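S.K.: Build the 3D model from these lines:
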Amino acid sequence: MSNHLEFSEKGSQALAAADYPAAITHYSKAIELLPTSPNNYIKRSTAYQRSAKYELALADAELAVKLGKERGVRETIGMAQLRRGISLYLLERYGDAGFCFGVAKKLLGDKEKSLSMWFGKLDMVLKDTDRIPEDDFRREVTVKEIPDVEIPKAKPVEAPVKKEEVKAEAKKPEEPKPAPPPVPQGVTTPRDKIRNEWYQTATHVVFTLYVKGVPKDSATVEIEEHSISISFPLPNNSDFTYDLDPLFAPINPAASSFSVLSTKIELKLAKVNTGQKWAALEGVAQPKGKDKEEEDVVDSPKAPTSPSRTQPPTYPTSSKKGPKNWDKVADELSKKPGATGEEEADDDDESDPVNSFFKKLYKDADPDTRRAMMKSYIESNGTALSTNWGEVGKGKVETSPPEGLVAKKWHE
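M.R.: Residues are numbered from 1 along each chain as shown. Prediction:
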């Protein structure tokens, strides 16, 4: 019977010969026999990475980091972090990759020459701000130094069977063996262990649902402007559904994307309002039964109705006799005088062009301008003349004598 060392050796030979499918097969058998060896995970991660299976490569590298940490071997942890960083780099998670490369550098020092090459590649990518903008979510660091992964348990070793027991068993008639239980297909994470997390940048919100083994052809992901919905079947003939409606703020479904991976479902939601800081992932639902247009109509303040023209408006005044009706004053002064008056007016106009100008200005003005002229002139005792009713109508026009003079009452 082959042991894990034989399969590990065959895996190393296949890896050196660039036969990556065979290497993956041999290392998988070695891991099945001894699932707590970090070196087998590191080497299978390498084979997965060179087969362009980057998610599987990352999963093996993270298990190797956790197992190496338990054993306390710095070099093993450092090599596992290096494989982890390479997988993250190839998945375009550049901030996470740089973090892992930094941990590997701290543990390995200058022993691993390939580290400088990967640092150089990462630096070139991050300098290209046209390809990876400064606020791009791929620059974010979202991983921990020691990942939260479950360490596989070793299968119990059966006690060796004595020869006498083997002979006795051989004499017994063979009984039909029960069929092995079917291997579960699809989701392997228990419902109560499925968890989620999210983070954001200036342009995107990244939502991750951690669940293993979701079949891509059976998963349904819907991304709408104000909601997201994820559903997939579970092995017990039930469905798992996760809905968020409404979201904290609107998103652009056309610019958003999602991916169903072996260990998680990840949604990259493009913000409509870039730069907006989401205080939470889920927003507050609007009360049902009200159409938005109806709410706008109900909530919008009503425009003030114009006062009836039958009642003349009143304006602020400090007069003890009460407010003046400036409309009445303007109407009386705008009435045409008799023939004698007209002749006298004409005589005055010819002798005083300034007076003629103000008379023509008053005659051709609209009612508000006339009221403004009359009110300002009378209240200021002839020291001010305004045509702006918007200012004059607000209150009493104070006396404003020319510079060097002082206004006094008639009896002073």
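S.K.: Now name the helix or strand holding Lys359.
M.R.: Assigned by DSSP states H and E, Lys359 falls within helix 353-363.
S.K.: pLDDT of that helix, averaged?
M.R.: Averaged across helix 353-363, pLDDT comes to 73.
S.K.: could you dump it to CSV, C-alpha only?
M.R.: Extracted in CSV, the C-alpha atoms of helix 353-363 (Å, rounded to 0.1, in the frame of the first residue of the first chain):
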residue,chain,number,x,y,z
PRO,A,353,-35.8,120.0,-17.6
VAL,A,354,-35.0,117.9,-14.5
ASN,A,355,-38.6,118.3,-13.2
SER,A,356,-39.8,117.4,-16.7
PHE,A,357,-37.7,114.2,-16.6
PHE,A,358,-39.1,113.0,-13.3
LYS,A,359,-42.7,113.8,-14.4
LYS,A,360,-42.2,111.7,-17.6
LEU,A,361,-40.6,109.0,-15.5
TYR,A,362,-43.6,108.9,-13.2
LYS,A,363,-46.1,109.1,-15.9
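S.K.: continuing past that helix, what's the next helix or strand?
M.R.: Counting by DSSP H and E, the element after helix 353-363 in chain order, helix or strand, is helix 367-379.
S.K.: buried set for the next helix or strand after that following helix?
M.R.: Sequence-wise, the next helix or strand downstream of helix 367-379 (DSSP H and E) is helix 389-392. Of all the residues in helix 389-392, those buried under the rule 16 or more other C-beta atoms under 10 Å are 389, 392. Quick note: C-beta positions are derived from backbone N, CA and C, even for glycine.
S.K.: what about Ile265, how many neighbours?
M.R.: Ile265: 22 surrounding residues under other C-beta atoms under 10 Å.
S.K.: Give the ranges of residues in this protein that sit below the confidence cut-off.
M.R.: For the chain, the stretches with pLDDT under 70 are 1-2, 154-185, 286-354, 404, 409-412.
S.K.: residue closest to the middle of it?
M.R.: Central residue check for the chain by C-alpha atoms, centre = their mean: the C-alpha nearest the mean position is that of Val205, 4.0 Å away.
S.K.: Would you confirm that that one contacts Ile251?
M.R.: Yes - counting by C-beta atoms under 8 Å, Ile251 is a contact partner of Val205 at 7.2 Å.
S.K.: and for the two, which residues touch both?
M.R.: Overlap between the contact sets of Val205 and Ile251, as judged by C-beta atoms under 8 Å, 6 or more residues apart in numbering, is given by 269, 271.
S.K.: Might one say that Gly275 is in contact with Ala202?
M.R.: Yes - with contact defined as C-beta under 8 Å, Gly275 reaches Ala202; the gap is 5.1 Å.
S.K.: So for those two, which sits in the more crowded spot?
M.R.: Comparing Gly275 with Ala202 by other C-beta under 10 Å, the one with more neighbours is Ala202, at 14 against 9.
S.K.: Look up phi and psi at Phe137.
M.R.: The phi/psi pair for Phe137 (degrees, to the nearest 10) reads phi -60, psi -20.
S.K.: Now it: closest residue in space, sequence neighbours ignored.
M.R.: Leaving aside its sequence neighbours, Phe137 sits nearest to Thr201 (C-beta to C-beta, 6 or more residues apart in numbering; 4.3 Å).
S.K.: Need the contact partners of whichever helix or strand the residue nearest to the centre of the chain is part of.
M.R.: If you go by DSSP H and E, Val205 is part of strand 204-210. Residues outside strand 204-210 that contact it (C-beta under 8 Å, 6+ apart): 137, 189, 194-200, 228, 230, 242, 251, 263-271, 278, 281.
S.K.: If you count neighbours, what's buried in it?
M.R.: By neighbour count with 16+ other C-beta under 10 Å, strand 204-210 contains the buried residues 204-209.
S.K.: For Tyr41, state which of those residues is nearest.
M.R.: Each of the buried residues of strand 204-210 was checked against Tyr41 using C-beta to C-beta; the closest is Thr208, at 22.6 Å.
S.K.: Please tell me how far that closest one sits from Tyr27.
M.R.: In this structure, Thr208 and Tyr27 are 28 Å apart, going by C-beta to C-beta, to the nearest Å.
S.K.: cool, Asp110 as well?
M.R.: Where Tyr27 is concerned, Asp110 sits at a distance of 28 Å (C-beta to C-beta).
S.K.: if you count what's nearby, which of the two comes out ahead?
M.R.: A side-by-side neighbour count of Asp110 and Tyr27, using other C-beta under 10 Å, places Tyr27 first with 30 against 8.
S.K.: Name the SS class of that one, please.
M.R.: helix (DSSP: H, G, I helix; E, B strand; the rest coil).
S.K.: ditto for the one 3 residues further on
M.R.: Ala30 falls in the helix class when you classify it by three-state DSSP.
S.K.: OK, contacts around it?
M.R.: So Ala30 contacts 4-5, 7-8, 11, 37, 40 (C-beta under 8 Å, 6+ apart).
S.K.: Which PyMOL command selects the buried ones in those residues?
M.R.: To isolate the buried members of the contacts of Ala30 in PyMOL, using 16+ other C-beta under 10 Å:
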select buried, resi 4+7+8+11+37+40
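S.K.: Include distance to Tyr54 and secondary structure when you put the contacts of Ala30 into CSV, please.
M.R.: Formatted as CSV, the contacts of Ala30 follow (distance: C-beta to C-beta, whole Å; DSSP: H, G, I helix; E, B strand; the rest coil):
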residue, distance to Tyr54, secondary structure
His4, 26, helix
Leu5, 28, helix
Phe7, 24, helix
Ser8, 23, helix
Gly11, 19, helix
Ser37, 22, coil
Asn40, 19, helix
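S.K.: Next, the contact list for the residue nearest to Tyr94 when sequence neighbours are not counted, please.
M.R.: Using C-beta to C-beta, 6+ apart and skipping residues adjacent in sequence, the residue nearest Tyr94 is Arg138, 5.2 Å away. Listed by C-beta under 8 Å, 6+ apart, the contact partners of Arg138 are 92-95, 132.
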